[in-house]
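J.: Turn this into a model:
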Amino acid sequence: MKARIIGTGSYLPERVLTNRDLEQMVETSDEWIFTRTGMKERRIAAEDEFTSDMGAAAARKALEKANLKAEELDLILVATLTPDYIFPSTAVLIQNELKAPQAAAFDFQAACTGFLYGLSIAKGYIESGFYKNILVVASEKLSSIVDYKDRNTCILFGDGAAAAVVSGNGSGLAIREICLGADGEVAELLMLPAGGCREPASIDSVAKGKHFIAMDGKEVFKHAVRRMEGAAKECLEKANLSEDAVDWLIPHQANKRIIDAIAKRFSIEDEKVYKTVEKYGNTSASAVAIALDELILEKTINEGENILLVAFGAGFTWGATLLTMESDG
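T.: Numbers count the residues shown, from 1 in each chain. Just a heads-up that it's a prediction; the model follows:
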């Protein structure tokens, strides 16, 4: 039995935060932001719009495309670093919203690599015969942990969600190979310093801004390019495919410089590198998944065509996934 993505969906909040808007908030400019990141705008969730709401909206679209009812789901997986609560899980909130009480549900956290980690979990469950239909959701409200006084980070992040139905039945994108990695030795280069048991929330932690994203951008860039390149090449090698067999490359939408650096290390034309970074910014776990959904909506993916997903995130975590369009049978 092969695990295939038989339906995808995505959701972006209505509010648009442009570079011009950011000019009014911090010392920056549209030109400075676009030159360094390739971003022009990003989406921001409403005050009463949460990670579970966005995830459920994306999930409904994915279920509709998969022609599957929520009651047919066996498991709901949610990748997020901005859960509604520390507990209960965002997955059980989405389960309740979708009216899928028979499905098991849990969150997991691999930062920007979350969607790829989720596909690996779903693939294992499906191909072992343990479950038949799994919903993988990646949803983030990063605006809730961004310091809009810090120009180095506030320009980068946006909100959004995406979902994929993974099943052993039906035509779709076969999850062929997945290569994952992690390195906790450099965890402090990209983190949320407070809020966990190591430094619980306090008047002092709030006053010092420790509940906002902290990042060493230059170091993250160097690790991201090297790790994503390695994972992508390992994934192709496991599949016994050359780089020119890749029809579409979807890299993590962290910034255009990283995307361009990855693309240059592969013999893949720029037209085959799918990008959403200009309009959505970095939406962490959901970034690659949103791009995948939009690619499927905009382009015809023919039988046998290959899509390579590659991502890198806090932890550090990284990974690559090879998808191939296949008919059932």
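J.: hang on, I155 packs against E27?
T.: No. If you go by Cβ atoms under 8 Å, I155 and E27 don't touch, sitting 11.2 Å apart. Heads up, the C-betas are built off the backbone N, CA and C, glycines and all.
J.: Not counting its neighbours along the chain, what's nearest S327?
T.: Distance criterion Cβ to Cβ, 6 or more residues apart in numbering; nearest residue to S327, sequence neighbours excluded, is S171 at 4.6 Å.
J.: Neighbours of A261, how many?
T.: Per other Cβ atoms under 10 Å, the neighbour tally for A261 reads 18.
J.: ok so, going back, how close does the residue nearest to S327 get to A162?
T.: 20 Å (Cβ to Cβ, to the nearest Å).
J.: more neighbours, those two?
T.: For the pair S171 and A162, the greater number of neighbours falls to A162 (33 against 13), based on other Cβ under 10 Å.
J.: and that one, what element?
T.: Per DSSP states H and E: A162 is located in strand 159-167.
J.: which helices and strands sit right next to that strand?
T.: With contacts taken as 3 or more Cβ pairs under 8 Å, 6 or more residues apart in numbering; DSSP states H and E, strand 159-167 sits against strand 4-11, strand 41-44, helix 51-66, helix 114-127, strand 133-141, helix 287-298.
J.: Please convert these to CSV, extending it with mean pLDDT, distance to W318 and mean neighbour count.
T.: Formatted as CSV, those follow (pLDDT from 0 to 100; distance: least, Cβ to Cβ, whole Å; neighbours: other Cβ atoms under 10 Å):
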stretch, mean pLDDT, distance to W318, mean neighbour count
strand 4-11, 98, 21, 26
strand 41-44, 98, 23, 23
helix 51-66, 99, 23, 24
helix 114-127, 98, 9, 24
strand 133-141, 99, 16, 31
helix 287-298, 98, 12, 23
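J.: and T321, which of those is closest to it?
T.: Closest approach to T321 among those (Cβ to Cβ): helix 114-127, 5.0 Å.
J.: could you say what helices and strands the closest one packs with?
T.: Packing partners of helix 114-127 (3+ Cβ pairs under 8 Å, 6+ apart): strand 75-79, strand 104-108, strand 133-141, strand 159-167, strand 172-182, helix 287-298, strand 306-313, strand 317-326.
J.: would JSON lines of the ones you listed with distance to K2 be doable?
T.: Formatted as JSON lines, those follow (distance: least, Cβ to Cβ, whole Å):
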{"stretch": "strand 75-79", "distance to K2": "17"}
{"stretch": "strand 104-108", "distance to K2": "22"}
{"stretch": "strand 133-141", "distance to K2": "13"}
{"stretch": "strand 159-167", "distance to K2": "10"}
{"stretch": "strand 172-182", "distance to K2": "5"}
{"stretch": "helix 287-298", "distance to K2": "18"}
{"stretch": "strand 306-313", "distance to K2": "15"}
{"stretch": "strand 317-326", "distance to K2": "7"}
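J.: re the thing from before, centre of the chain to the strand holding A162, how far?
T.: Put simply, strand 159-167 sits 9 Å off its chain's centre (Cα atoms, centre = their mean, to the nearest Å).
J.: Listing partners with orientation, what would you give for that strand?
T.: strand 4-11 (antiparallel), strand 133-141 (antiparallel) (DSSP bridges).
J.: Using a markdown table, lay out those strands together with distance to S286.
T.: What follows is these, written out as a markdown table (distance: least, Cβ to Cβ, whole Å):
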| stretch | distance to S286 |
| --- | --- |
| strand 4-11 | 8 |
| strand 133-141 | 4 |
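J.: residue contacts, T276?
T.: T276 makes contact with Q253, A287, I290, A291, E294 under the criterion Cβ atoms under 8 Å, 6 or more residues apart in numbering.
J.: isn't E140 right up against S286?
T.: Yes. Here E140 lies in contact with S286, judged by Cβ under 8 Å, at a distance of 5.4 Å.
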